[in-house]
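Asks: The following block contains a protein sequence and its predicted model.
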Protein chains: 2
Amino acid sequence: MKGSTVFFKNSPAVIAAAAVGGKMEGEGPMAACFDKINEDPYFSCETFEQGESKMLKEAVLHTLSKASLTPENIDVMFGGDLLDQCVGTTYGIRDLDIPFLGIYGACSTVTEGALLASLFVDGGYARRALAVTSSHFCAAERQYRFPLEYGGQRTPTSQYTATAAGGLVVSAERLPPYIRAATVGRIVDMGVKDAANMGAAMAPAAYASIKQFLEDTELAPDFFDAIVTGDLGKVGSRLLCELFDRDGVDIRSLHRDCGTMLYSFGEQDVHAGASGAGCAASMLCGYFVPKLRCGEFRNILFAATGALLSPTVSAQGESIPAISHALWLSFEPGTAPDIRFTRKEQV
Amino acid sequence: MKGSTVFFKNSPAVIAAAAVGGKMEGEGPMAACFDKINEDPYFSCETFEQGESKMLKEAVLHTLSKASLTPENIDVMFGGDLLDQCVGTTYGIRDLDIPFLGIYGACSTVTEGALLASLFVDGGYARRALAVTSSHFCAAERQYRFPLEYGGQRTPTSQYTATAAGGLVVSAERLPPYIRAATVGRIVDMGVKDAANMGAAMAPAAYASIKQFLEDTELAPDFFDAIVTGDLGKVGSRLLCELFDRDGVDIRSLHRDCGTMLYSFGEQDVHAGASGAGCAASMLCGYFVPKLRCGEFRNILFAATGALLSPTVSAQGESIPAISHALWLSFEPGTAPDIRFTRKEQV
């Protein structure tokens, strides 16, 4: 690590990625990015939670299938989701018999999982590692806000939790895109207490991690074809650009946000945009990885963002801590700079 | 990895470990293992959740203090707990400004964190990595079961969630104990649906990971001074020994369970024993690490165990998936066998 950025020595490759979505996602502008769309929010199960687990499992199986792999070929899997105790993941994968390490990063989970998968492969500890995450609108609404039957009104700053899952396999094989470096985020809490405005809570965390990445790598923003955030939505995206404005850096032409990409603002009633761990995951796995695979993008910086609140502590009046982990994905592999250690005070 | 066991190349060292506990823990036979006991379940805060966060932060600060380190000296921290969305951890550490990766392994969290911390250090990605976890009786009761005011009766198989936190720092320095290898667990679900009998749900996962570790390392059980499980309690411990009996292996003289160590069955009303992420963490950090440091133990196999249920899916009639990650801690460092890859089918 230099600063808080891990430089991978051997540029682990994302050899396969897949996304599974729900009805809303299939009606939006990104429908073609999904390997499978399920019209039924229950995914033919009895509860929304079981539906989320099934969707996540489908994402794993589609990912494996695209690389002609079976569960036995995966040495370690990383996964987590937004449901209490991450049951979307654990129940989804429980019969796959793959060594598993549970992670929790809220909507930043896909980049945390990809970072850890890359580390296992880059360090020679695993041949292939899988990362997966999901979110489900109906399950999230009743857990974080109100049961759907209540018909609660949503504020303009609120975002719509994506019903989506994404999975990817990292390996030492040579196939673009490659993961060149990753920044481990720090928790940032600027005091935002409005759980219906998570874009505002998360924007400072995205800003901190992107800035840290650029400092640690000594790369300029315009080195990248896109600087992507996970689910800041309209409100958080504007705040992110304003934070960079203060540094005299205009990232507007480079910035993309998965939360503003997934749905059509004109035709779909999603207020400030999409959110949920499945939002960033499905856009990374279904949109960005394919565009990097074919060379349409050469380099992107992908910073998924997570709001680390719970309904319990929000009800106790707490503010919302947020975190963002950033990945540098590249069409070309590269040798990491020979800089390993570490935080400035140790140099 | 061989099988699902990571062999560390350079034997990362646990250079510091600390435990913080509550009133019950201070009245039990392991009181002397805690660096600090708090009589007040609120830890001078307004809510139990805030109290848990404060306890976890105290565990981090005690751990750092014992190694004469400050937060700036830690390159990456791993943490998680039992509260929804792991808020015990994220709110506890939010102002420490340490690069953070959230993990969720229920009561197996301490071994998952130590495994990942070891990997970052062993692979040369971090100089020092910290792992921390916690549990809090009052916060867990109202989240998983009933608010304390309800005065719910507990069944004989139920366990008492420890109010405890443990933290440890892993580094490339040379100071025993060393982490020689670690087995990444697979999810095991044998169909147990009784959320008041988590020992029974978790015992098969502990059995699977310990057996996998012994196979992958080709070590015999009696190589170890102790084979330790996290919080199987009386019921799960008996089941674990019976599962090994079927293989013709009697581990009774070697087996210790943190869930049966933490409290006095005669004097404290804890039914089948202790549980909670803080149970295994405090016993690892406060009891086993010190005994390994001074050479009283030469080698232990430490397999913390987690029940991956949530109240929501339990209410939906689901069974309880469980997982266990195992660590080999040794008084002496050693070179890993030159076996890296991987699952049998790939050899």
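Replies: Yep, that arrived.
Asks: which element is A:F78 on?
Replies: Element membership for A:F78 (DSSP states H and E) is strand A:76-81.
Asks: any idea which element the residue lying closest to A:F120 once chain neighbours are set aside lies in?
Replies: Closest residue to A:F120 apart from its sequence neighbours, by CB to CB, 6 or more residues apart in numbering or on different chains: A:A126 at 3.9 Å. (C-beta placed from N, C-alpha, C; glycine too.) Under the criterion DSSP H and E, no helix or strand holds A:A126.
Asks: distance of the closest residue to A:T109 other than its chain neighbours from chain B?
Replies: Ranked by CB to CB, 6+ apart and with sequence neighbours excluded, the top spatial neighbour of A:T109 is A:T133, at 4.1 Å. In this view, A:T133 and chain B are 12 Å apart by CB to the nearest CB, to the nearest Å.
Asks: Ok, A:V76 next?
Replies: A:V76 sits 6 Å away from chain B, going by CB to the nearest CB.
Asks: same thing with A:R128?
Replies: 8 Å.
Asks: tell me the pLDDT at that residue?
Replies: pLDDT, A:R128: 98.
Asks: so after the strand holding A:F78, what's the next helix or strand?
Replies: Past strand A:76-81, the next helix or strand by DSSP H and E is helix A:87-93.
Asks: and that following helix with chain B, contact?
Replies: Yes - counting by CB under 8 Å from any CB of the partner chain, contacts between helix A:87-93 and chain B involve A:87, A:90-91, A:93.
Asks: which intervals of the stretch 201-347 of chain A have sub-threshold pLDDT?
Replies: Counting by pLDDT under 70, the ranges of the stretch 201-347 of chain A that qualify are A:335-347.
Asks: change it to 90
Replies: For the stretch 201-347 of chain A, the stretches flagged by pLDDT under 90 are A:334-347.
Asks: All the helices of it, residue numbers only.
Replies: Secondary structure of the stretch 201-347 of chain A (DSSP state H, counting those that start in this stretch): helices located at A:233-245, A:258-261, A:277-283, A:289-293, A:311-315.
Asks: I'd like the ones you listed written out as a markdown table, with distance to chain B and mean neighbour count added.
Replies: Formatted as a markdown table, the helices of the stretch 201-347 of chain A follow (distance: least, CB to the nearest CB, whole Å; neighbours: other CB atoms under 10 Å in any protein chain shown):
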| stretch | distance to chain B | mean neighbour count |
| --- | --- | --- |
| helix A:233-245 | 18 | 21 |
| helix A:258-261 | 19 | 27 |
| helix A:277-283 | 12 | 35 |
| helix A:289-293 | 22 | 20 |
| helix A:311-315 | 5 | 17 |
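Asks: ok, so of the residues of helix A:87-93 next to chain B, who is nearest B:V169?
Replies: Nearest to B:V169 among those is A:T90, at 28.5 Å by CB to CB.
Asks: Now do that closest one against B:R186, distance only.
Replies: 11 Å (CB to CB, to the nearest Å).
Asks: thinking again about what came up before, can you tell me which residues contact the residue nearest to A:T109?
Replies: A:56, A:79-81, A:89, A:109-110, A:113, A:165-166, A:277-278, A:281 (CB atoms under 8 Å, 6 or more residues apart in numbering or on different chains).
Asks: Report the residue ranges of every domain in chain A.
Replies: A:5-171, A:178-340 (automatic domain parsing).
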